[in-house]
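# pasted the sequence and its predicted model underneath.
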Amino acid sequence: MNIKCGVNGEGRDVHQIFVCHHCGMPVCEEHGWVVAADDAFAEFTHVLSVLPDVPPPATGLTVPRPAMHCRDCVDRFHKGTVKRHGWADPRPVVRP
């Protein structure tokens, strides 16, 4: 099944289309923007207490994860942040 990219209208296989997490516009990797560290998709790095009214520790709470955005939402919500086209990070991997 093909779905059209909301930026250029090009039909892509459903597995090649993602949605902007702010507005839901379908975008392909070529035209969508990935914000490398989006706080909205942060994961907790520790187990939260199951006891009521116990606040989480003050440090090391979350680790941001990447998220897909359309052109308008990346400009509106993430102006000046690190962004790239596509999920793969183009920077070379530095091994110790």
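Structure received.

# now the helices: where do they sit in this structure?
For the chain, the helices defined by DSSP state H occupy 71-77.

# which regions of this structure lie under the pLDDT threshold?
41-63, 89-96 (pLDDT under 70).

# show me what contacts the spatially closest residue to residue 34 that is not a sequence neighbour?
In this structure, residue 34 finds its nearest non-sequential neighbour in residue 66, 5.0 Å apart by C-beta to C-beta, 6 or more residues apart in numbering. Where you see a C-beta, it was placed from the backbone N, CA and C, and this is true even at glycine. Applying C-beta atoms under 8 Å, 6 or more residues apart in numbering, we find residue 66 in contact with 34, 35, 36, 37, 38, 41, 87.

# who does the residue lying closest to the last one once chain neighbours are set aside bridge with?
The reference is to residue 87. Excluding the flanking residues, the one nearest residue 87 by C-beta to C-beta, 6+ apart is residue 34, at 5.9 Å. With DSSP bridges as the criterion, residue 34 is bridged to residue 68, residue 84.

# and the gap between residue 34 and residue 18?
9 Å (C-beta to C-beta, to the nearest Å).
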